[in-house]
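# next one to model:
(one chain, ligands or ions: 2)
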Amino acid sequence: MSHIESPPATPAVPFTGLPIGAAEQDEAHDFYRRMSIVRAVELEIEKMHRLGRMSGSFHSSMGQEAAAVGVCAALRPADLVTSTHRGHGHALAKGVPIEGVFAELFGRASGVSGGRGGSMHLHHRPSGFLGENAIVAGGVPWAAGAAWARRRQGTDDIGVAFIGDGGFAQGVTHETLLISRFWNSPCLIVCENNGLAHSMPSERLFGPPGSIARMVEATGVRSLHVDGRDVMAVAEAARELVAEVRRGVPAFLECSVFRVRPHSLSDPDYRYRPRRAGQDWLALNDPIANLRARLAPLPANRLARIDAEVAEEIAGALERAEAASRPPASAATSFVYSSPELQNHA
Ligand SMILES: Cc1ncc(C[n+]2csc(CCOP(=O)(O)OP(=O)(O)O)c2C)c(N)n1
Ligand SMILES: [Mg+2]
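Ligands and ions are numbered 1, 2, ... in the order given. Next up, the predicted model:
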């Protein structure tokens, strides 16, 4: 794997991928499980909103699961991740507990942010998940600074900032890349290029998929572009870059992905793309179905077992999260200022 030639972001050519070899079977099944968890959690969140049992905003990462899971597969628990408004997948892939995510979205005290943050402010220090950030590219200097601090403390932990293509249009991303190189901050920026920043096509700003990675490469920062539908390829690219980042140099990874759902629950996306764009893309390119097909010729019961286990895990986590209590009114002013309570009780 190195530079993959620009897979189209919209609508993509059917994606097949190579069969998974024997040596990669265990890992691929693990990736399948992790991507299935992200998908199932977000489907449940959609359902809860439809039923009026959950409130607040929600940005689905359906179709982008392979980027989150592939990148986080290259990380250690102590590595630090920052994320975006579309960050459930990043959180879950980094190991944030499912029940804590659901509870957060239900506004329960047992939520990972005490029920105060909701969908766009998940954070969980014990998993190395510093948090999501609703400010586009706001997580970039955060990850770079945290990584730099860890390096000064003598560790080889790294920081990873997920951004969207819209995040690459933010000046702070470029400033952070430059200063990370200058200060040797071990920081990886992962740009999930889903072809749209809300309704703005990324091609209009940057050119075809892969252009973002090439722009970064031109600044002298090591940069790869990978097909974000292929979790195996993402993990391979991420591992290659993470190994370098751990030595104290920043790096950049562009993943071509696709946003299946509208920008958010309330977004009328039919105004700027065909009504069936998401469905049509998923039918041909679903990263989970694809991996399933690449694994299926071998023992299919192993996949069926994973499906059943994931369904059971999600159902249990959802039930327990919803049954938990809300924070008491008397705690309304907690967490306004920094306090040890903010460290996820760890
Ligand atoms: C600094 C800033 N400007 C604008 C917004 C409003 N906004 C929220 S999401 C979004 C689009 C982001 O696009 P992208 O980074 O590609 O992420 P995606 O939604 O595609 O995952 C915008 C403009 C914001 N949250 N923060
Ligand atoms: Mg985008």
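
# can you report phi and psi for the residue in the chain that ligand 2 sits nearest to?
For the chain and ligand 2, the shortest gap (CB to the ion) falls at Gly164, measuring 3.5 Å. To be clear about C-beta, it is placed using only N, CA and C from the backbone, and glycine gets the same treatment. For Gly164, the backbone dihedrals (degrees, to the nearest 10) come out as phi -100, psi 180.

# wait, it touches Asn193, no?
Yes. Gly164 is within contact range of Asn193, at 7.4 Å (criterion: CB atoms under 8 Å).

# of these two, who's got more company?
For Gly164 versus Asn193, the count of surrounding residues by other CB atoms under 10 Å is larger for Asn193: 30 against 26.

# okay, the nearest residue to the more buried one once chain neighbours are set aside: pLDDT?
In space, and not counting its chain neighbours, Asn193 is closest to Asp165: 4.3 Å by CB to CB, 6 or more residues apart in numbering. As predicted, Asp165 sits at a pLDDT of 98.

# for the one 5 residues further on, same thing?
Among the per-residue scores, Gln170 holds a pLDDT of 98.

# for the stretch 51-200 of the chain, what spans make up the helices?
For the stretch 51-200 of the chain, applying DSSP state H, counting those that start in this stretch gives helices covering 65-72, 88-94, 98-105, 139-152, 165-168, 171-183.

# OK, contacts around the residue of the chain closest to ligand 2?
84, 86, 136, 191-194, 197 (CB atoms under 8 Å, 6 or more residues apart in numbering).

# can I get the CA coordinates of stretch 248-259 in CSV?
Output in CSV follows, covering the C-alpha atoms of stretch 248-259 (Å, rounded to 0.1, in the frame of the first residue of the first chain):
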residue,chain,number,x,y,z
GLY,A,248,8.5,12.6,16.6
VAL,A,249,7.4,13.8,13.2
PRO,A,250,3.9,14.8,12.2
ALA,A,251,2.1,13.0,9.4
PHE,A,252,-1.1,13.2,7.5
LEU,A,253,-3.6,10.7,6.1
GLU,A,254,-6.5,11.4,3.7
CYS,A,255,-9.2,8.7,3.7
SER,A,256,-11.7,8.9,0.9
VAL,A,257,-15.0,8.1,2.4
PHE,A,258,-18.7,8.9,1.8
ARG,A,259,-21.4,10.4,4.0
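
# contact partners for the residue nearest to Glu175 when sequence neighbours are not counted?
Leaving out its chain neighbours, the residue that sits closest to Glu175 by CB to CB, 6+ apart is Pro141, at 7.6 Å. Applying CB under 8 Å, 6+ apart to Pro141 gives the contacts 172, 175-176.
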